[in-house]
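1. coords below, sequence missing:
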C-alpha cells in the first residue's frame, strides 16, 4: 500500500454564522480504512464535506489525493466516490436506473448488474426511490459511491438505520474495497463499526481531533482495564496489592466485591487466583473487562447526552 | 451473497467523455419529467385543454378572426412557460431539497454540464409540446403565417427568460415554497399575460405594466408574427432579452446547490 496520505487536513476552521463547526482540525489519513468517530455535532460531516469539495474552508488547508477539493475539483471528482448521509437520488428514479446513470458518468465503471446483486438491490425492481425502504436507499447510495471505481470513497454514516444483515453486507463491501486497494474514509457513531473496519480511527469532538490511532492503540492508550471478582467480605486488600504489579490498584467496592484496575493480562489473573488460593478464598464471578473503543470514546467525549 | 473475486474493486477512476455525460444527464432529466404526473398535467394537459376549450367555446372575446388564430400563439407561450419556468422550478427545487444536485456536484459531471443537460431536457420537452399543440391547433383550423425564424427566436429567448426565473426561484426558496409560488405565478401569468385573455381587456394602466411581463412579451410577439404576419417583433424580443439576462444573472449569482 502507498504510504503518502490520501487526506491531509491542516488547521481547518469552518464556521456557520456564529457557530464554529470545525475548530482548527488536523487529520492525516493514509491508505486503508479511516473511521471518523464522534458525537453528533462534533464536526464529522463538515470535515468530510470539506474534503469532498462541498465546503470552502474559512481557514486551513485541505488536500485530498494531493489536490485542493475546491480549486482542483474537476481533477478530483472522478477519483473519489461519495455517499451522502441521505438523499442524492431523483425521487422518481428506480434504483438500477440511478446506478446506471452514475456509472455512465465514469470511464471504467463496475459491472452494474453484479453490484446490484451484491447489495441486494435487485428486489427493488421498478419501485421509485421515494418508495424504497430506508435500508434500500442507503445501499443504493453506497453503490453509487463505489460504481465509478474510485481511489478513495467517503461514506457518511453508511450503516445508520440498517438492519444487521444490511449492515454486515456494507461491512463486507468495505473489507473488499480495502483488499482491492481502495481507501475509505467513513464517519460513524458505532464504535463496533470503527473497531471492525478501520485501520485508523480519529475521534472528533468540538471540531477537533482529540485522539487518533489504530483501534488497538486507542484502547491501550485509554484508561486501564479492569478485573473484578467476588469473595468473602473483608479480605486484606493491602496484602493483595503487595502481590500485584506496582501500577495496579485494588479496592473492595462493596462488601465482598473486589476490583483491580491495571494492565490485565494472563499473568495478573494468575497472580490474583494464586493469592486467593494462599488465603483460602474462593474467587467467584471473576470477570475481565477489556477496554472497548466505546469506553475510550465516552471517556474522551463525556457521557452526557448531546443534541 | 455472491463471492467477489480479488481485484473487482481495484481503482480505475476516470470521467466519461463530456458529451456522453451531458447526454446521459439530459436523457435522465427528460425521463424524470415525462414520468411525473403533475408535470405532465402542467406541460401537456392544461395547455391542450385550454387550446381546445377556448377555440371551440366562445368564452372570451378574442377579437376579429378565428379564435384559434389568437389562441394558438398564446398557448405556445404558455407551453414554454410551463416547462421552462414552472416545471423546471418545481423539479429543480425538489432535486435541491433531496440532495440530487449535491450528489451530482461531486460526480464527474461539471455543474455547467448539469445546467446544459437541464436546458437540453427543457428544449426536448418544448419540441414535443410544440408538435402536439401545433397538430391540435391545425385540427382546429389554425392558419399561421409569418417568419419561422422569428418564432424560433422568440421561443428560445422566452425559454432563456423563464429558465432564469425558474432556476432563481428553485435555487433560493424552499422546495415547498417553490412549488406553491411557481404554480401561483403560472396561474397569474396565464390570466394576466395575454395567453387567453387579450391584454386590451385590462384597464390601460394595467395593460402597459402587464405588457412588460415575459409571458406577455412572448405571447404578444408570437401573435404578431403568427397571427398578423409581422417581421421581427423587436420590442417583445427586447423585453424577453432583458428578462433573460436579469434572470440568468440573478440565478447564477444567488443559486444555492443545497
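-> Received it, and whenever you're ready, just let me know what you need. Being a predicted model, the structure only gives us computed values, none of them experimental.
2. Which residue, neighbours along the chain excluded, lies closest to residue A:91?
-> Spatial nearest neighbour of residue A:91, excluding adjacent residues (C-beta to C-beta, 6 or more residues apart in numbering or on different chains): residue A:130 at 4.1 Å. To be clear about C-beta, it is placed using only N, CA and C from the backbone, and glycine gets the same treatment.
3. I figured that neighbour was touching residue A:93, is that so?
-> No: contact criterion C-beta atoms under 8 Å: residue A:130 and residue A:93 do not qualify, at 9.3 Å.
4. which element is residue 115 on?
-> If you meant another chain, say so; for now it's chain A. In this assignment (DSSP states H and E), residue A:115 forms part of helix A:112-118.
5. you looked at the wrong chain, it should be chain B
-> Per DSSP H and E, residue B:115 falls inside helix B:111-139.
6. low pLDDT regions in the chain?
-> As the question left the chain open, I've gone with chain A. Along chain A, the model assigns pLDDT under 70 to residues A:1-3, A:220-224, A:290-291, A:303-307.
7. wait, I meant chain B there
-> For chain B, the stretches flagged by pLDDT under 70 are B:1-4.
8. near chain A, which residues of the stretch 1-150 of chain B?
-> B:1-2, B:4, B:6-16, B:20-21, B:24-25, B:28, B:31-32, B:35-36, B:94-95, B:98-100, B:102-103, B:105-110 (C-beta under 8 Å from any C-beta of the partner chain).
9. can you rerun that using 6 Å?
-> B:2, B:4, B:7, B:9-16, B:21, B:24, B:28, B:32, B:35-36, B:98-100, B:103, B:106-109 (C-beta under 6 Å from any C-beta of the partner chain).
10. Helices - which of the residues you listed land there?
-> B:21, B:24, B:28, B:32, B:35, B:100, B:103 (DSSP state H).
11. Now the third one: closest residue in space that isn't a chain neighbour?
-> The spatial neighbour of residue B:28 that comes closest, neighbours along the chain excluded (C-beta to C-beta, 6+ apart), is residue A:101 at 5.2 Å.
12. what about that neighbour, is that helix, strand or coil?
-> helix (DSSP: H, G, I helix; E, B strand; the rest coil).
13. Verify the contact between it and residue B:27 for me.
-> No: the pair residue A:101 / residue B:27 is not scored as a contact, 8.5 Å apart, by C-beta atoms under 6 Å.
14. What backbone torsions are found at the most centrally placed residue in chain B?
-> The centroid of chain B falls nearest to residue B:84 when counting by C-alpha atoms, centre = their mean (2.0 Å). According to degrees, to the nearest 10, the main-chain angles of residue B:84 amount to phi -70, psi -40.
15. Residue A:159 contacts residue A:166, correct?
-> No: contact criterion C-beta under 6 Å: residue A:159 and residue A:166 do not qualify, at 7.6 Å.
16. Which one of the two is surrounded by more residues?
-> Neighbour totals were compared for residue A:159 and residue A:166, and residue A:159 leads with 24 against 20 (other C-beta atoms under 10 Å in any protein chain shown).
17. count of neighbours near the residue nearest to residue A:91?
-> 12.
18. quick check, it in a helix?
-> Yes: assignment of residue A:130 by three-state DSSP places it within a helix.
19. Make sure it is actually in contact with residue A:90.
-> No: judged on C-beta under 6 Å, residue A:130 makes no contact with residue A:90 at a distance of 9.1 Å.
20. which SSE is the residue lying closest to residue A:14 once chain neighbours are set aside in?
-> Closest residue to residue A:14 apart from its sequence neighbours, by C-beta to C-beta, 6+ apart: residue A:22 at 4.2 Å. For residue A:22, the host element (DSSP H and E) is strand A:19-29.
21. Tell me the strands beside that strand, with direction?
-> Paired neighbours of strand A:19-29 in the sheet (DSSP bridges): strand A:7-16 (antiparallel).
22. List the contacts of the partner strand.
-> For strand A:7-16, contacts defined as C-beta atoms under 6 Å, 6 or more residues apart in numbering or on different chains pick out A:21-22, A:24-29, A:46, A:51, A:55, A:57-64.
23. I'd like the next helix or strand past the strand holding residue A:22.
-> Next element after strand A:19-29 (DSSP H and E): strand A:33-37.
24. so does that following strand get close to chain B?
-> No: Strand A:33-37 does not reach chain B (C-beta under 6 Å from any C-beta); its nearest approach is 13.0 Å.
25. quick one: contacts of that strand?
-> With C-beta under 6 Å, 6+ apart, strand A:33-37 has contacts from A:44, A:178, A:184-188, A:194, A:197-204.
26. could you give the angle of it to strand A:19-29?
-> If you take axes from the mean of the first three to the mean of the last three C-alpha atoms, to 10 degrees, strand A:33-37 sits at 160 degrees to strand A:19-29.
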